[in-house]
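S.K.: what follows is a predicted protein model with its sequence.
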Amino acid sequence: MPSWSLHPQLETDTWVIGDLELSQLLLMKDANYPWLVLVPQRDGARDLIDLTETDRIQLTKETDRVARALKEITNCDKLNVAALGNMVPQLHVHIIARRTTDAAWPRPVWGVVPPVTYEAATADALIRALREKIGLS
């Protein structure tokens with residue numbers, strides 16, 4: 001997919017965990033919440049309807065796979081899954097592990113509190129655990 005590239009804002013705000021069949025999996029640089037982002041590697045995709053039926057089905061499978069891994073690793077109270085794209089037009093799906101004790105609960109996470117920087121060891125451990133659980137090398 002030579003014409004596909006990650007939106008600059010997502011490049012700034014995330015670390016790459018790895019590539020699935022369709023999507024690139026990212027970790028948001030915000031330790032307030034374990035927050036993943038799936039970005040289908042399809043040039044010009046802004047909305048789910050911009051994907052082929054096959055790609056929409058694959059994105060659903062990848063969302064399920066990643067969400068299950070995140071829930072198992074974090075033992076969170078609730079998963080939030082959303083594809084908004086109001087600030088970043090490139091199609092991407094947020095998968096956020098929520099706790100009833102987190103800074104934004106029960107509201108959506110956007111804009112409630114400033115991002116908190118991960119300690120390097122914490123981010124590395126989460127990325128390693130996700131790669132292992134999802135089966136990424």
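M.R.: Yes, it's here. Residues are numbered from 1 along each chain as shown.
S.K.: isn't Gln41 right up against Glu21?
M.R.: No - between Gln41 and Glu21 there is no contact under Cβ atoms under 8 Å: 9.4 Å. (C-beta placed from N, C-alpha, C; glycine too.)
S.K.: comparing these two, which shows the higher neighbour count?
M.R.: It is Gln41, of Gln41 and Glu21, that has more neighbours when counted by other Cβ atoms under 10 Å, with 17 against 10.
S.K.: quick one: residues contacting the more buried one.
M.R.: Under the criterion of Cβ atoms under 8 Å, 6 or more residues apart in numbering, the contact list for Gln41 reads Met1, Trp4, Asp19, Leu22, Ser23, Gln24.
S.K.: from Leu6, how far off is it?
M.R.: 9 Å (Cβ to Cβ, to the nearest Å).
S.K.: what do the two both touch?
M.R.: With Cβ under 8 Å, 6+ apart, Gln41 and Leu6 have common neighbours Gln24.
S.K.: so for the helix or strand harbouring Ile127, what's the average pLDDT?
M.R.: Using DSSP states H and E, Ile127 sits in helix 120-134. The pLDDT scores in helix 120-134 average 97.
S.K.: so which elements touch that helix?
M.R.: strand 14-19, strand 23-28, helix 53-74 (3 or more Cβ pairs under 8 Å, 6 or more residues apart in numbering; DSSP states H and E).
S.K.: dump those to TSV, plus mean pLDDT, mean neighbour count and distance to Ala121.
M.R.: Shown next, in TSV, are the helices and strands packed on helix 120-134 (pLDDT from 0 to 100; neighbours: other Cβ atoms under 10 Å; distance: least, Cβ to Cβ, whole Å):
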stretch	mean pLDDT	mean neighbour count	distance to Ala121
strand 14-19	98	16	14
strand 23-28	98	21	14
helix 53-74	98	16	16
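S.K.: let me know which of these is the nearest to Val93.
M.R.: Nearest to Val93, of all the helices and strands packed on helix 120-134, is helix 53-74, at 5.7 Å by Cβ to Cβ.
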